[in-house]
Structures are given as structure tokens and as C-alpha cells.
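[1] sequence-free structure coming up:
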């Protein structure tokens, strides 16, 4: 499906025009240049269908009001008048796209993608689109004329329009000398040293909610009534409960007293301030003082956060450098294996190999999330004595992980003897700059489409392809080794679930580039005796693109086939996987199966790109209904600093919760309840210079390495022989682009020959079969490693892929 270049109806704004049918997405272009004073557009209101926010599915009816470029919505029109909003969208700062055939409107705010529909009539849909265009240009012109307008409203704010207007009047007032100081403190510029202003903004929003919650608690425990701005807005019901941190359940009357004491300690000066009259009766000077008071708190919070963040970054970098130095000075492999063998013989239960009690030394490596999340469970402790005792229990109860480079090679490997291979620790060339690439010109005509068919410049790739990305998912295969040696079926499920979560860890620093698309018939093998597994992958279909893989070990067998749909929504790109992952454990005859979750890359066109995963992963055992597991990847919220969080539960046949676990998919997983939770997995430390090498982990650095001894054993279709990928790895951008175009042309020619001769491609090492889940999937023919051993691939007939 193609579309023509956009044309512009006027100088202020326009939209992309498509000569094709109305079933294409049309992206609405924004303001071209400031046009002075644009007439304020008329209000637009009415019901629209809105897709439910994750994790809910389907559509529901909501009442929308479009005013001055801000789109607000609630359940009913009466709720809007009362200020009970469900959400607000700044249309001027959103990417807007429409689809006339289905009467659909999409607004990508970067933090969220709003999908709207008007199903009643084409006339109403056209009216909404026309008003949204006008309001969008008006809002963008307003921001262009006065950049502070961008920050006087925030989509996540629940303040009423009247309060927003009063804030604007205060900030733009002329006479008081305090005004000059206020104008120097616009929120996004409070601390320009922060590289990510959006992250800073989210911290300020969280602080705002925290202050509201503290005010609610103060009102609860204090005799006088606090009437801070009560006549101007109502705190929504969800906010009255306060953020999650302030909803820790009290276990005794003493805890209530502690909470009361804590609030009063934090607000020793607030009594007189919070007993001010209603806003309508405020004098200008008092209102200015109140605004300045709030901004001062925000400024202090930003400075504290920036200082802690900087200190943590420095400590983390130093820690990684020390670990890297220790690795370089490690004892010979034989000594390491001897120590490991002796240690393993002293452990009666294999499941205990992953954890040990934390010491004061290991506490230095506790990740950022543990410190930031700690107040959630300790808010009722206000005295210094209680804080000290909580800290001691934290040291004694929270467990850490053991990181062993050579893993379970003695137990899990199929190789008879120990094979030690020295692997590279860096790539031949650092990542080239892609600043000269205009992604907008590439993506603007592909809103809502599958991007797997869109050709991209080679600078946007990383020197790995999708088959190798699948191999990265088994980096932490020792979790499956442990599961196969664990008698308790519920604990076994915990280890399997943790392994499924660990597959996402390597993606944390990889939002800036994409893997190469495999060619039809392309293969990749990874034989790791040190980790105890052999991995094989093959591209089994081109349209649609399907990748299949198989990994076997003494302790487990894994296989999966995956197809990805990539959709661009203006500021974000969603990656929706289709397919399932299967794992069998021979010791118990278990056959586990689970689905993958949705991924989303934000800030595609500007700013710092970041990736998140969200959705529910359901894990079941086909050979036993004794237990099941649900893992929830929590979607980031604009009002919270918490990201990358997961929560999991293991339940029995009656639905009773047996085990719980939590953590972050890029850091580690903890089982149990804080503070006595046990770390069952922690991600390996990143290389010190990972930002210069595509954000690769150490394991990823090794995947495309090709030495002389391995070269003679591989089939000619192995990814390591792919020339465009090899050129990019070596820093030869021009050669990589030239080889990429040549290889893609060869594939088009091969496909044309197959179609002309009515021949269907047959994968060499995988076949389509039905497994116990009654779903057809691609499984291994179990012939690859036998052929590799005898007679080898040298005399086999393979297609010329490159």
C-alpha cells in the first residue's frame, strides 16, 4: 500500500493527502511557521468511542470536550463540569493521524496512544477532524508565540481550567517584584543539567501528588480544616487515596500515630499556610506567595533528585569498572571449575545455587529500584530507632545472587569434556552516528502500518539480526537448569517464569537501533558448552516473516516460532509479537508454554528513545494442572517514576496464591514479601562502554564472532557470513549499505523464481507440526547437529543468500 507525498493547504498547517483509497492512515501535519494571532476555534464536545487503557480490552463511550487545543474527557458531560476528568490530551503536542474509512482518530502523546472512533455518522467524524485540525494549529501557534504556554498545562494534571487560568495570570502579572523570580523558574528549566526533561517532569508530577496526599493526611489527623483551593477544583477519587506509597496498610494503632507524627514533622510550618481562605478570596500577594512556595518545593526536590541520581550513576560506573577489572584478573579456567565443583558438591539442593544471604559487601550492588521502592514498605517508621532496625533487618533478610561466568557447564552441557573458549569483549568498531537520517521522511507515510516491510537505512541497524536476538533470550539458561533440579512444582514454576522475564533484560539499552531482518533460509547456530546448551534458528517464512528456533540442553529443551508486527503511531512504535514459547524439563516431564508481551519504543523521532514492555504473560504446564503462573509487565505511568516493573503470582488449581515475586525486568527478580524477599535472578552487569557499542551486553558481543575453527563447521547460510551485517560491525557504512541493497535484490529475484515455477520454500531444519497445546508450530527436525558432525555442510547444496 503506497501513498503520495503530502501537500499543504496553507502556510499554517495542513495534512498529508493520499491519492489511494480511504483505508490508509493520514497523518495531520502541524504548524509550519508562527502566524501571529490565530482566531480561537469554537469548542467541540460530544461522545466518542475510546479504546480502553491497558490491561483492559475493547471500547467504551466517553464524553469529550475540545477547548483551546486541550482535549478533555470524562464518563459524562456532567462529570466534566464538576472537574472529574478521566484524562486530558494536549492536541498541539500530539501526533495526530486519521483513517477515514473506519472513522478512526489516533493521538500519540508519546506517553500514551489514544485510539478514538466516531461510528454514528461520517458528518460527525468530519466535524471532529476539522475541529481537531483547527485546535491543533491554534495550540501550536500559542506555544510558538509563548514557549511558557507549553508548561502552564500538563496533560496529566487534574486542575480545573479556572485554576489554570489563575496560574497563568499570576505568572504573567507585572507589578510585584516576586514575578521576576517566578519567571526564572519555569518547571522544565529548573535544572537544565538533566538530560531527560520528561523524566524530570514525571518526578515533579509525582511530587505534586505526594503533596496532595500529605495535605489529605494532615486534614485527617488535624482538627482545623484545610481548604487549600477547595472551591476551585476537586481532587479526583483516585487521587484522594494518594499514591501507592501512601496507601501502606497500617498494622496497629502505633503505626497510625507514627504516620501522624511523620506528616507533622514534614510540615512543621504548614499550619498557617494551609489554613488560608478560599482562592476566590485570596489577595494577589498571598496567592503569589503560595505559588512561590510550591515552586520552591519543586525546585528543592529536583535538586535533591539530581544530586542523588548523579551520585548513583557515578557509583554504578565505578562498580562496573571494578567488576570488569576483577574479570580480567580472574584465575585460570581450570581453577575456577575446581572451585565451582567443590562448591556445588556442598549444596544438597540445586535450587539453592542461585541465592545466598546478602552481606555488607554485596549490598553495595543492590540496584537503584530497591532504594527508591523502600519507602513503600517503611512509611510507618518515623523515629531514628525504627529506621535503624529496619535497615538491619534489610541487611539480614534480603538475599543476593551469585554471578558465575561459566554457569552450569558441568551439569547442563552435552559435551563430554570441558571446552574453554576465549571470547571477545568488544566489537571491532563503535556505533556510527545516525543523526543525518531523517526518520520522519521514512515513517510519515506508514502511520499504523506494519514496518517489517519498510526498507530502512543501514545506519539504523545493529550488527545482529532477529535470529541472534532469539538466542539472547537464553542467556540466563541456568534458571532452567535450576528448575530441572527443583522438586517443588510451585518453585519450579517460579524459576521458569523468571527465565521468561529475563529474556527481555537485554533490550533495555537497545531502543536506539533495530536488528537486521533475516533472509528466507538464513540460519544461526550457537554452541555454548560453558553454558550447557546448543541453539539453532532458521528463517522459515518471508511473507509473513517467521523465525523459528530450538535450544537443547541436558536439563531442558526450548523451542519457539515468532512473528512480529511493528506499527508506528507518530511518536511511538508498538511491537506486537505472535507465537508461543515452549520449554520441557526432562526430570519431571513438564511442558511449559507462554506468550510474549507487547513492546513499545518511545521518542522515535526526537529525544532519548526508551523501550517498555507491557501486558500479561500466562504460563501453564500442559502435563500438569497443579499450578499456573501469571506475570504482569506494568505499563509506565506519566505520574509515576516507576518503570520496567513486573509482578507475578503462582497459583494452585483452586486459584490460591502459593508464591509471589516482583522486580524489574532489566535488573532482577525477588521472591516473597519485603524486606525478607530473596533475589532469584539478577541481570549481568553491562560493559563499561556499552553506550558506544549499540547497548550490547557481553553475551550479545559474542554472538556474531567468527573464528577460523568455527568457520569450517558452519553452513554457508549462517548469519555470521552475512556481508552487510559484517560490514556494519566493522564500521564500513558505505559497504554495509551497498551489500544490504545487493542482498535484498538477490532475495527478490529468488522469490520471483519460486513464484514463476509455483514452488513453495521448504525450511531445511524445521517442520510445521502440532504440539500438545493443539496449536501448530515450527519444531526442529533434529537433523542439524548430526549433519554438522558427519558429513558436515561443506558438500551440501544450499541457496546463495549473499
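    Sure, I can see it. Model, not experiment: these values are computed from the prediction.
[2] would you map the strands across the stretch 601-750 of the chain?
    610-621, 627-633, 645-652, 657-664, 668-671, 678-682 (DSSP state E, counting those that start in this stretch).
[3] can I get those in JSON lines with mean neighbour count and distance to residue 463?
    No exception for glycine: its C-beta is placed from N, CA and C like everyone else's. Putting these into JSON lines (neighbours: other C-beta atoms under 10 Å; distance: least, C-beta to C-beta, whole Å) gives the following:
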{"stretch": "strand 610-621", "mean neighbour count": "19", "distance to residue 463": "19"}
{"stretch": "strand 627-633", "mean neighbour count": "20", "distance to residue 463": "28"}
{"stretch": "strand 645-652", "mean neighbour count": "19", "distance to residue 463": "29"}
{"stretch": "strand 657-664", "mean neighbour count": "19", "distance to residue 463": "27"}
{"stretch": "strand 668-671", "mean neighbour count": "24", "distance to residue 463": "28"}
{"stretch": "strand 678-682", "mean neighbour count": "23", "distance to residue 463": "27"}
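[4] mean pLDDT and distance to residue 123 added to the ones you listed, as TSV?
    Shown next, in TSV, are the strands of the stretch 601-750 of the chain (pLDDT from 0 to 100; distance: least, C-beta to C-beta, whole Å):
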stretch	mean pLDDT	distance to residue 123
strand 610-621	93	36
strand 627-633	95	41
strand 645-652	95	45
strand 657-664	95	49
strand 668-671	95	53
strand 678-682	94	56
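[5] how about these in a markdown table, adding distance to residue 98?
    Formatted as a markdown table, these follow (distance: least, C-beta to C-beta, whole Å):
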| stretch | distance to residue 98 |
| --- | --- |
| strand 610-621 | 25 |
| strand 627-633 | 30 |
| strand 645-652 | 34 |
| strand 657-664 | 37 |
| strand 668-671 | 42 |
| strand 678-682 | 45 |
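[6] can you pull out the strands in the stretch 401-550 of the chain?
    Under DSSP E, counting those that start in this stretch, the stretch 401-550 of the chain gives strands at 461-465, 514-516, 523-528, 533-541, 546-553.
[7] so which of those strands is nearest residue 567?
    In terms of C-beta to C-beta, the element of the strands of the stretch 401-550 of the chain nearest to residue 567 is strand 514-516, at 14.0 Å.
[8] so which elements touch the closest one?
    strand 461-465, helix 466-472 (3 or more C-beta pairs under 8 Å, 6 or more residues apart in numbering; DSSP states H and E).
[9] quick check, residue 495 in contact with residue 483.
    Yes. Here residue 495 lies in contact with residue 483, judged by C-beta atoms under 8 Å, at a distance of 3.8 Å.
[10] still on that earlier bit, quick one, which of the strands of the stretch 601-750 of the chain is nearest to residue 479?
    strand 678-682 (6.2 Å).
[11] how is this structure partitioned into domains?
    26-145, 164-305, 445-789 (automatic domain parsing).
[12] distance to residue 798 for these - can I get that in JSON lines?
    Compiled in JSON lines, these are given as follows (distance: least, C-beta to C-beta, whole Å):
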{"stretch": "domain 26-145", "distance to residue 798": "43"}
{"stretch": "domain 164-305", "distance to residue 798": "47"}
{"stretch": "domain 445-789", "distance to residue 798": "5"}
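[13] in a helix, that's where residue 110 is, yeah?
    No. Using DSSP: H, G, I helix; E, B strand; the rest coil, the assignment for residue 110 is coil, not a helix.
[14] can you tell me the helix or strand for the nearest residue to it once chain neighbours are set aside?
    Among residues not flanking residue 110 along the chain, residue 571 sits closest, at 4.4 Å (C-beta to C-beta, 6 or more residues apart in numbering). Of the helices and strands defined by DSSP states H and E, none includes residue 571.
[15] now for the protein, the helix or strand with the poorest mean pLDDT.
    In the chain, no helix or strand scores lower on mean pLDDT, DSSP states H and E than helix 375-378, which sits at a mean of 32.
[16] just to revisit the earlier point, mean pLDDT lowest for which of the domains of the chain?
    When those are ranked by mean pLDDT, domain 164-305 comes last with a mean of 46.
[17] where does the stretch 301-450 of the chain have low pLDDT?
    Counting by pLDDT under 70, the ranges of the stretch 301-450 of the chain that qualify are 301-421, 444-450.
[18] repeat that for 80
    301-421, 434-450 (pLDDT under 80).
[19] kindly compare burial across the helices and strands packed on strand 514-516 and name the winner.
    Counting by mean count of other C-beta atoms under 10 Å, strand 461-465 has the highest mean neighbour count of the helices and strands packed on strand 514-516, with a mean of 25.
[20] so what strands line up beside that strand?
    strand 514-516 (parallel) (DSSP bridges).
[21] I'd like to know how many residues surround the closest residue to residue 801 other than its chain neighbours.
    Counting by C-beta to C-beta, 6+ apart, residue 801 lies nearest to residue 519, which is 5.1 Å off, once chain neighbours are set aside. Residues within reach of residue 519, counting by other C-beta atoms under 10 Å, total 21.
[22] phi, psi for residue 519 please.
    The phi/psi pair for residue 519 (degrees, to the nearest 10) reads phi -90, psi 160.
[23] from residue 551, how far off is it?
    Residue 519 sits 22 Å away from residue 551, going by C-beta to C-beta, to the nearest Å.
[24] circling back: would you mind giving the strands of the stretch 401-550 of the chain as TSV with distance to residue 593 added?
    Converted to TSV, the strands of the stretch 401-550 of the chain look like this (distance: least, C-beta to C-beta, whole Å):
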stretch	distance to residue 593
strand 461-465	26
strand 514-516	25
strand 523-528	23
strand 533-541	19
strand 546-553	15
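[25] mind checking these for the one nearest to residue 59?
    Using C-beta to C-beta, the strands of the stretch 401-550 of the chain put strand 546-553 closest to residue 59, at 30.4 Å.
[26] identify the neighbouring strands of the closest one in the sheet and state each direction.
    Short version: by DSSP bridges, strand 546-553 pairs with strand 533-541 (antiparallel), strand 557-568 (antiparallel).
[27] out of the ones you listed, deepest packed?
    strand 533-541 (a mean of 24).
[28] not counting residues beside it along the chain, what's closest to residue 436?
    Per C-beta to C-beta, 6+ apart, closest to residue 436 is residue 459, 7.8 Å.
[29] how close does the one you found get to residue 617?
    Counting by C-beta to C-beta - residue 459 and residue 617 are separated by 33 Å.
[30] now do the buried residues in stretch 62-76.
    Buried residues in stretch 62-76, counted by 16 or more other C-beta atoms under 10 Å: 62-66, 68-74.
[31] secondary structure and distance to residue 692 added to those, as CSV?
    Formatted as CSV, the buried residues of stretch 62-76 follow (DSSP: H, G, I helix; E, B strand; the rest coil; distance: C-beta to C-beta, whole Å):
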residue, secondary structure, distance to residue 692
62, strand, 46
63, strand, 51
64, strand, 46
65, strand, 49
66, strand, 46
68, coil, 45
69, coil, 41
70, strand, 42
71, strand, 42
72, strand, 45
73, strand, 44
74, strand, 48
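[32] out of those residues, who's nearest residue 604?
    residue 71 (22.1 Å).
[33] the closest one bridge partners, please.
    Under the criterion DSSP bridges, residue 71 forms beta bridges with residue 66, residue 89.
[34] which residues does it contact?
    Neighbouring residues of residue 71 by C-beta atoms under 8 Å, 6 or more residues apart in numbering: 64-65, 88-91, 107, 132, 135.
[35] quick one: which of these has the most company?
    residue 91 leads the contacts of residue 71 on contacts (other C-beta under 10 Å) with 26 neighbours.
[36] check contacts around it.
    66, 69-71, 107, 132, 135-136, 139.
[37] out of the residues you listed, which comes closest to residue 116?
    Taking the contacts of residue 91 together and measuring to residue 116 by C-beta to C-beta, the closest member is residue 107, at 7.2 Å.
[38] which secondary structure state is assigned to the closest one?
    Going by three-state DSSP: residue 107 is strand.
[39] tell me how far it lies from residue 95.
    7 Å.
[40] now for residue 688, how many residues are close by?
    15.
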